[in-house]
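**Q** Based on what follows, work out the 3D shape:
(one chain, ligands or ions: 1)
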Amino acid sequence: MKRRSTGVFWFTHDLRLHDNPALMQTKLLVDELICVYVMDYAWQSSSLYQQANVSAPSRRFLLESLSDLSNNLQALGQRLIVLESEATAALSGVILESNASAIFRSESVGWYENRVWAELKKFKGLSFHSVDSHTLYTTNTLPFSLSDLPTTFTQFKDAVAGIESPQPIPKLGYLPPPPSAEYPAFEKVEAKAAASEYCGGESRGLAQLHQYFSGDKAQSYKDTRNAITGWDNSCKFSPWLANGCLSVREVASTLSGYERENKANESTYWIFFELLWREYFQWYALKNGADLFSFAGIKKQKPLTSFYPERFQKWVNGTTPYALVNACMNELRATGYLSNRGRQIVASCLVNELAMDWRYGAAYFEQALVDYDVASNWGNWQYLAGVGADPRDKRHFDLDKQTQQFDPDRRYINHWAGDNDLQSLDSVDAADWPIG
Ligand code: FAD
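**A** Numbers count the residues shown, from 1 in each chain. Predicted coordinates for the structure are as follows:
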């Protein structure tokens, strides 16, 4: 009698059942399936760049997303196993215990995830299946090889114009059942009242997508997206996209449907334009590997900045001499979210006014953002620090002008108490010598 084949599905940034082609493959190739998510914080333990643990809003968003995924899998007779450990060790254990013959995942642009995947290849006799779904396009549909990825966004945008992205596949209605071996099931979390409007999970991500396109907000997106605050001023898809609760192809396809049924205008195009920025940074991360995190960036030019512990703490805690920056950092700490404008302002301040090594800012965002995405985060930081995909030098935002333009009545600053604890950049003693 033929032995039943067992597969392992490694969930990463694809916490969903809709448009999950890698998960769909499992039903064609294995009789039994083990669904695993690994919470791997090993990369944080070195406290490189002063990183602390992942923030409470990010952890909560992730747990809510896992809870929702677990519910959705259960409805198909499956169950989600969540392991908190180093990923290679955790997955190796599951493969050995279950005697699996195949492992599946969605393709990742993350350097760390790809290293784990390469390490698992030590298992002989195990077949590996990895399918693109975190991006609009696939390696095969891009009109250039990865090594020829354009060095600027504008060239990339022009090169992909007219290329069709694969249509999203419908939500799965069947999955192979789990094997009978007992694994601890994931304990569900109840969503707690949060400081932000974000609640993790595929259900909430799809609800936000449909809610956003149900009114006429998309018609004026280009005029509103730059605002420093306001829920409806931009789409707010990023946390669900980053965790893969929402598929970017689903977003693009819903946008096209909206344009067909309503009116396509410059604003609706601009939503796609912003998704192309995300797309560019995904391929940029894959191409540049560990250089995404290097001080000299892809331009291989070391900036004239350094690390100043006191300045960094003031930036993180919102006690710099700059009220607008403080308000932004206070919002980020409390909610895990910051508008694109706010991110640009605080990043420019860190690099220019504080003369800090940009990687400390990027690493802080990594732990703080509910929408942390390795490619978009480190790619945008490189861009602002002048070592990335920007043909120009680093970007320096004039903080007074930004305040006049984006918060003229100081409502945002007052709301986030940006004026509350203004401190000088460096402490000095009575003789004006730096302290600490
Ligand atoms: P919208 O303005 O409605 O845009 C729609 C979608 O397009 C977004 O959800 C996002 O997926 C994409 N997008 C928009 N702008 C960008 C951009 N500049 N780069 C890449 N994708 C973009 N975005 C993340 O998703 N994760 C990050 O970790 C992240 N870190 C950033 C760090 C810095 C220093 C800066 C300047 C920007 C960063 N961004 C990041 C990009 C951007 O700020 C957020 O995607 C955006 O603010 C999310 O809000 P939204 O969904 O309402 O965006």
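**Q** Which residue is the nearest non-sequential neighbour of G230?
**A** Spatially, and ignoring its direct neighbours in sequence, G230 is nearest to T224 (7.3 Å; CB to CB, 6 or more residues apart in numbering). (Each C-beta comes from the backbone N, C-alpha and C, glycine too.)
**Q** from what I can see the one you found touches W231, true?
**A** No - in this structure, T224 sits apart from W231 without contact. The criterion is CB atoms under 8 Å, and the distance is 10.8 Å.
**Q** Quick check: residues of the stretch 151-300 of the chain near the ligand?
**A** Residues of the stretch 151-300 of the chain that fall close to the ligand, judged by CB under 6 Å from any ligand atom: 225, 234-238, 241-242, 274-275, 277-278, 281.
**Q** what's the closest of the residues you listed to K401?
**A** K401 lies nearest to R225 out of those, by CB to CB, at 19.0 Å.
**Q** Would you mind measuring from the residue nearest to that closest one when sequence neighbours are not counted to N226?
**A** With sequence-adjacent residues excluded and distances taken as CB to CB, 6+ apart, R225 is closest to S234, at 4.7 Å. S234 sits 9 Å away from N226 when distances are taken as CB to CB, to the nearest Å.
**Q** hey, what's in contact with both of these two?
**A** Common neighbours of S234 and N226, counting by CB atoms under 8 Å, 6 or more residues apart in numbering, are N340.
**Q** between the two, who's got more neighbours?
**A** Legend: neighbour count by other CB atoms under 10 Å for S234 and N226, higher for S234 (20 against 14).
**Q** one step back: for the residue nearest to G230, grab the count of nearby residues.
**A** When counting by other CB under 10 Å, one arrives at 13 neighbours for T224.
**Q** repeat for S98
**A** Residues within reach of S98, counting by other CB under 10 Å, total 19.
**Q** where does it sit relative to the ligand, distance-wise?
**A** Look at S98 and the ligand: by CB to the nearest ligand atom, to the nearest Å, they are 34 Å apart.
**Q** heads up, I number from 402, so please use that
**A** Got it, first residue is 402 now, which makes that one S499.
**Q** Okay, and the beta partners of the residue nearest to that residue when sequence neighbours are not counted?
**A** Distances taken as CB to CB, 6+ apart put T407 closest to S499, at 5.1 Å, once the chain neighbours are dropped. Following DSSP bridges, T407 is listed with bridge partners E433.
**Q** State the number of residues packed around T407.
**A** Using other CB under 10 Å, the number of residues around T407 comes to 20.
**Q** Per-residue pLDDT of it, please?
**A** At T407 the predicted local confidence, pLDDT, stands at 95.
**Q** so what's it up against?
**A** If a contact means CB under 8 Å, 6+ apart, then T407 has V431, D432, E433, L434, I435, S499, N500, A501, S502, A503, P580 as its contacts.
**Q** before we move on, back to that, now pLDDT too, for the residues of the stretch 552-701 of the chain next to the ligand, in a markdown table please.
**A** Shown next, in a markdown table, are these (pLDDT from 0 to 100):
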| residue | pLDDT |
| --- | --- |
| R626 | 96 |
| S635 | 97 |
| C636 | 97 |
| K637 | 97 |
| F638 | 98 |
| S639 | 98 |
| L642 | 98 |
| A643 | 98 |
| E675 | 98 |
| L676 | 98 |
| W678 | 98 |
| R679 | 98 |
| F682 | 98 |
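**Q** from these, which would you call buried?
**A** Neighbour-count burial (16 or more other CB atoms under 10 Å) applied to those gives 626, 635-639, 642-643, 675-676, 678-679, 682.
**Q** Can you name the residues that contact W411?
**A** With contacts defined as CB under 8 Å, 6+ apart, W411 is in contact with V437, Y438, V439, L492, I504, F505, R506.
**Q** Apologies, that question was intended for D533.
**A** Contact partners of D533, counting by CB under 8 Å, 6+ apart, are P422, S507, E508, T539, T540.
**Q** hang on, the earlier thing: for L430, see how far away the residue nearest to G631 is.
**A** Relative to L430, T625 is positioned 46 Å away (criterion: CB to CB).
**Q** Phi, psi for V517 please.
**A** Its backbone dihedrals place V517 at phi -60, psi -50, with angles given as degrees, to the nearest 10.
**Q** Around the nearest residue to it once chain neighbours are set aside, how many other residues sit close by?
**A** Counting by CB to CB, 6+ apart, A488 is the residue found nearest to V517 once chain neighbours are left out, at 4.5 Å. The burial count assigned to A488 is 23, neighbours taken as other CB under 10 Å.
**Q** and what of K703?
**A** Burial of K703 is recorded as 12 neighbouring residues (other CB under 10 Å).
**Q** Wait, it touches S695, no?
**A** No - under the criterion of CB under 8 Å, K703 is not in contact with S695, lying 9.3 Å apart.
**Q** ok, L733 to the ligand distance?
**A** Taking CB to the nearest ligand atom as the criterion, L733 is separated from the ligand by 11 Å.
**Q** Could you check the pLDDT of that residue?
**A** pLDDT recorded at L733 is 97.
**Q** if I pick it, what's in contact with it?
**A** The neighbours of L733, taking CB under 8 Å, 6+ apart as the test, are L739, G743, V747, A769, L770.
**Q** Tell me which helix or strand comes right after the helix or strand hosting it.
**A** Element membership for L733 (DSSP states H and E) is helix 724-736. Going down the chain from helix 724-736, the next helix or strand is helix 741-752, by DSSP H and E.
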